[in-house]
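Novice: Quick check, what structure comes out for this input:
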Amino acid sequence: MRDLVEIGMGRTARRSYDLHQVEIVPSRRTRSSKEVSTAWQLDAYRFEIPLVTHPTDAVVSPASAVRIGQLGGLAVLNAEGLWARHADTEGALERVLAAATEDDPVAAVRTLQELHAAPIQPDLLAEALRTVRDAGVTVAARVSPQRARELAPALLAGGVEILFVQGTIISAEHVSPGEPLNLKEFITGIDVPVVAGGVGDYRTAMHLMRTGAAGVIVGYGQSSATTTDSVLGIGVPMATAIVDAAAARRDYLDETGGRYVHVIADGGMDGSGDMAKAIACGADAVMLGEQLADAADSPGGGLYWTSAAAHPSLPRSEVTGFAPSERDLEAVLFGPSTSPYGNVDLFGALRRAMAKTGYSDLKEFQRVGLTVRG
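Specialist: Residues are numbered from 1 along each chain as shown. Below is the predicted model:
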C-alpha cells in the first residue's frame, strides 16, 4: 500500500524517499571484495563497471570518453554539445572557465548559451565520434527528443553503437500540435539499442519500456549544479523513483515473457554510498557527472554543468566549480584514496559494499535489504 499523507483539505501526496534516507542492511554473510563482480551488459555490450557518464561537455570529451571506455565504463558524448559545434572546442571551454571567474554569477551560463547558438556541424560530430570509435571502445551519444530524428542518421553513420535519447523529463506520449517524436516508431527504425529518459515514476518507465527502449534513465541528473526543482518545481526522490522503475522492469519482463530493460539512475548521488544504494534499490548502472568533474583529465577544468545550462530561454543548471585535483579519472573510479568521504575509489567502494553484505554480482545485490531512516 502506498504511503499517502494529507497535505491539506482534500489533497494527499505520496511519501517518497531520497537515497540519503535509505540504508543498506547487512546480511548474514560476507565475502572478499576480490570475489565480487561489478560487470553488467547492455544489449550486446559488456562493461566492467556499472558506470554511464552524464552527457555533459564538462566531463565527456572524445579523449575522456576513450579513457572511461578503457577503464570499463560507458561514456556518452553530447551530440548537441560544444564538440559538435566548435572546431576549437578547447578555446570554447576556456571561455566558459574565464566566465566562471567573473563576479557576475550567470556569466558562465550566458557564455554557454552563446556557444550553443552556433549550429551543429556534422563533420565535427563525425570527427569526435571517430576518435572514440578508432580507440576500440563502445561509442555512445546523446540527443534530445527534439533533435533525435534530425541527428540520428549522422550519428549512426559516425559509428554510434548505443543512442541515448535524453531530456530533463521525457515521455513516450508527447502532446503537440506539430509532429512530435514517436519514440516507438523511432526505436523500431534504428538498428542500435536506444536508452531513453529521464523518468521518475512507474507509469512513464513502463511506457518507455513498451517503446522498445533497451534502457530507461531514472532522474534528471540532480546535482549541486541543477536547478530544475527551483525552476520547474519538479523533483525526483531518487530511491522511490528507482524502486518504481525497477518494479516496471519486473512487470514488463513478465508481460513480454523475458525482455529485460535496464534501469540507469541519474542524479541524487553525492558519493559512493549513494551509488551503492541506487544499485540496491534496483538500478543496473549509475549515471555520474559531478563525481567525475574534478578529475585532472576531465575537460571542464574543475567546473561542472549539465546540458540544461545552455537552454536558450530557460536554463536549468548553473556552472559550479570544484577545486581541480591532481587525481585522474582512474583514481576517482578505482583509487587509491586518501579521502574518507566517498568521492574517490567510487567502484572500489561499491565492490566493498557488495562484499560486506555477501553479494557476488549486481543482480544479487539488487535484492539486499533496505531500511528507512526514522
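
Novice: excluding its backbone neighbours, what's nearest the residue nearest the centre of the chain?
Specialist: With distances taken as CA atoms, centre = their mean, the chain has M287 as the residue nearest its mean C-alpha position (3.0 Å). Excluding the flanking residues, the one nearest M287 by CB to CB, 6 or more residues apart in numbering is D266, at 3.8 Å. To be clear about C-beta, it is placed using only N, CA and C from the backbone, and glycine gets the same treatment.

Novice: Let's verify that neighbour: helix, strand, or coil?
Specialist: The three-state label given to D266 by DSSP: H, G, I helix; E, B strand; the rest coil is strand.

Novice: for the strand ranked longest in the chain, packing partners?
Specialist: In the chain, assigned by DSSP state E, the strand with the most residues is strand 215-222. Identification of packing neighbours for strand 215-222 by 3 or more CB pairs under 8 Å, 6 or more residues apart in numbering; DSSP states H and E yields strand 194-199, helix 202-210, helix 228-232, helix 238-256, strand 262-267, strand 285-288.

Novice: and these as JSON lines, adding distance to R14 and mean pLDDT?
Specialist: JSON lines is the format used below for the helices and strands packed on strand 215-222 (distance: least, CB to CB, whole Å; pLDDT from 0 to 100):
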{"stretch": "strand 194-199", "distance to R14": "16", "mean pLDDT": "93"}
{"stretch": "helix 202-210", "distance to R14": "11", "mean pLDDT": "94"}
{"stretch": "helix 228-232", "distance to R14": "17", "mean pLDDT": "89"}
{"stretch": "helix 238-256", "distance to R14": "8", "mean pLDDT": "97"}
{"stretch": "strand 262-267", "distance to R14": "19", "mean pLDDT": "97"}
{"stretch": "strand 285-288", "distance to R14": "24", "mean pLDDT": "98"}
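
Novice: Distance of G219 relative to A141?
Specialist: 20 Å (CB to CB, to the nearest Å).

Novice: Who has more neighbours out of those two?
Specialist: Neighbours per residue, other CB atoms under 10 Å: of G219 and A141, the larger number sits with A141, 32 against 28.

Novice: Surely the more buried one touches V165?
Specialist: No - applying CB atoms under 8 Å, one finds A141 not in contact with V165, separated by 10.3 Å.

Novice: doesn't S144 make contact with G167?
Specialist: Yes - look at G167 against S144 with CB under 8 Å: they come within range, at 5.5 Å.

Novice: Okay, now the unreliable bits of the protein?
Specialist: Applying pLDDT under 70 to the chain picks out residues 1-2, 168-179, 322.

Novice: 80 instead, please
Specialist: 1-2, 168-180, 322-324, 374 (pLDDT under 80).

Novice: so where do the helices sit in it?
Specialist: Taking DSSP state H, the helices of the chain run over residues 62-70, 89-100, 107-116, 122-134, 148-157, 183-188, 202-210, 228-232, 238-256, 272-281, 329-334, 346-356, 362-365.

Novice: The second one packs against which elements?
Specialist: Under the contact definition 3+ CB pairs under 8 Å, 6+ apart, helix 89-100 sits against helix 107-116, strand 303-304.

Novice: Relative to A248, which of these is closest?
Specialist: strand 303-304 (30.1 Å; CB to CB).

Novice: Walk me through which strands the closest one pairs with, and which way each runs.
Specialist: With DSSP bridges as the test, strand 303-304 is paired with strand 320-321 (antiparallel).

Novice: circling back: now the residue nearest to the centre of the chain: how far from A276?
Specialist: Here M287 is placed at a distance of 15 Å from A276 (CB to CB).

Novice: try A79
Specialist: Distance of A79 to A276, computed by CB to CB: 31 Å.

Novice: Repeat that for L156.
Specialist: If you go by CB to CB, the gap between L156 and A276 works out to 35 Å.

Novice: out of those two, which sits in the busier spot?
Specialist: A276 (26 against 15).

Novice: contacting residues around the residue lying closest to that one once chain neighbours are set aside?
Specialist: Sequence neighbours aside, A353 is the residue nearest to A276 in space, at 4.0 Å (criterion: CB to CB, 6+ apart). The contact partners of A353, taken as CB atoms under 8 Å, 6 or more residues apart in numbering, are I24, S272, G273, A276, F365.
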